[in-house]
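**Q** My questions are about this predicted structure, shown below with the sequence.
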Amino acid sequence: MNRAENKTWNGKYSSKIRIMLLGSALSFPAFLSGEEINIQGNFTPSPHQSRTPDGWGLTASGEKEAPTTVKILPKDENGIAALQIQTHPQRKQLVMLLSFKRVEVKAGDELILSGEIKGNTPLGVSYCRYNQKKENAGYAKPQNIPAAENYRNFSITLKMENTPRHEIRGASLAFMISGGAKEVFLKNLKLQVRRSPAQTASAN
């Protein structure tokens, strides 16, 4: 992690990432267009005896002293399992839940994430950039999804951007949760990538 990642996330970053909270599950498919990416968003246990679901991981920093509780809850009547993430009461650092799925992207592409969420704290949504050498080129500034007492549908669009030193060639999702007995529930996560018009034109 770089210095910026160790700061407590406060949700006051610029709105390069656009969020839309939706009142009905029937309305959000209209916001999804592009190629679908499997991020294992209907959470299943890891085959590696990990606390986190298959395809997901936690940043190691601070976990020994103040471990994060991660649970896959039983499936609902529609066969959808929820993920419960609860930060330790004594934890001061933010917690990052990372997707292991790396998506090939270029600047101007958009990742479109949808799902359902509830919790007692905002959830920061970001992405880790990878450059042409497949090296970690840092995290995009996160934007928050507000806390909600009951499950709410959401759709969020993350625009892929280069850094001053790196051209982006890959990205993976990163969720950020404040420490101090904060709790978030996620379920039915879906991800699509929408290519920029310039890339689509060059491909044709």
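**A** Looks like it arrived, so ask away.

**Q** got the contact list for Phe68?
**A** One correction, residue 68 is Thr, not Phe. The contact partners of Thr68, taken as CB atoms under 8 Å, 6 or more residues apart in numbering, are 51, 58, 85-88, 91, 95. For glycine as for every other residue, the C-beta is placed from the backbone atoms N, C-alpha and C.

**Q** My guess is Ile156 contacts Ile145. True?
**A** Yes. Applying CB atoms under 8 Å as the test, Ile156 and Ile145 come out as touching, 6.9 Å apart.

**Q** The two - which one has more neighbours?
**A** Counted by other CB atoms under 10 Å, Ile156 and Ile145 do not tie: Ile145 has more neighbours, with 24 against 19.

**Q** residues in contact with the closest residue to that one other than its chain neighbours?
**A** Across the structure, with CB to CB, 6 or more residues apart in numbering as the measure, the residue nearest Ile145 apart from its sequence neighbours is Leu123 (4.7 Å). Taking CB under 8 Å, 6+ apart as the contact definition, Leu123 lies against 117, 144-145, 175-177, 184, 186.

**Q** Helices of the protein, start to end?
**A** In chain order, the chain shows helices spanning 197-203, with DSSP state H as the criterion.

**Q** which stretches of it aren't confidently modelled?
**A** Low-confidence regions of the chain, defined by pLDDT under 70, span residues 1-33, 198-204.
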